[in-house]
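A.B. asks: Sequence and predicted structure below; questions after.
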Amino acid sequence: MTFELADLEALGEKALADFKETLSTGRQQGQPAFDLAVGQLMGKLEFAYGVAARLAHREPTLEGTAAIWGKVVSICDALAAQLRALEADHPSSRASYDRILDYRNAAERRRDLHA
């Protein structure tokens, strides 16, 4: 099985959609449901980052590699914005927010390296 840039984009969109759905169905369950949703979100981000690394390793052009890492940056931005909006109600999400920014910064460095 091979992944493409469109698959990476789909992974990011699916992670965000699943997170929003989990939050909407788990509102009655409080903080434990939120923590579970954030944990799942982080797992999906880590998977997407790994997919991006494989894609970048196999990409023959600098432009293509920069595009892959640029997509990871945009995925991280979307996920971080979602968590940031929930931070007032869920201060425990701060560590995950910071971790998303770590992934974003790593992807940004890789994008800049290949731009």
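C.D. replies: The structure has been received and is ready for your questions. Numbering: from 1, shown residues only.
A.B. asks: what does the helix or strand harbouring A80 rub up against?
C.D. replies: Taking DSSP states H and E as the definition, A80 sits inside helix 62-86. Helix 62-86 is contacted from outside by 5, 8-9, 11-12, 15-16, 19-20, 23, 34, 38, 41, 45, 48-49, 52, 55-56, 59, 93, 96-97, 100-101, 103-104, 107-108, 110-111, 114-115, using CB atoms under 8 Å, 6 or more residues apart in numbering. Bear in mind the C-beta positions are built from the backbone N, C-alpha and C, glycine included.
A.B. asks: May I see the buried residues of it?
C.D. replies: 65-73, 75-76, 79-80, 82-83, 86 (16 or more other CB atoms under 10 Å).
A.B. asks: Of these, which is the nearest to Q29?
C.D. replies: Closest approach between those and Q29, by CB to CB: L86, at 15.0 Å.
A.B. asks: List the buried residues in the host helix or strand of G50.
C.D. replies: Using DSSP H and E, G50 sits in helix 31-58. By neighbour count on 16+ other CB under 10 Å, the buried set for helix 31-58 is 34, 37-38, 41-42, 44-45, 48-49, 51-53, 55-56.
A.B. asks: my read: S93 touches R99, true?
C.D. replies: No. Assessed by CB atoms under 8 Å, S93 is found out of contact with R99, at 10.2 Å.
A.B. asks: what's stretch 13-22 in contact with?
C.D. replies: 33, 36-38, 40-41, 44-45, 48, 75, 78-79, 82.
A.B. asks: least confident pick among those residues?
C.D. replies: Of all the contacts of stretch 13-22, A33 has the smallest pLDDT value, namely 82.
A.B. asks: Now do stretch 3-14, average pLDDT.
C.D. replies: Stretch 3-14 shows a mean pLDDT of 91.
A.B. asks: How far does stretch 101-115 sit from its chain's centre?
C.D. replies: Here the centre of stretch 101-115 is set off from its chain's centre by 13 Å, with CA atoms, centre = their mean, to the nearest Å.
A.B. asks: Grab the most central residue of the chain for me.
C.D. replies: Centroid check for the chain by CA atoms, centre = their mean gives L45 as the closest residue, at 3.8 Å.
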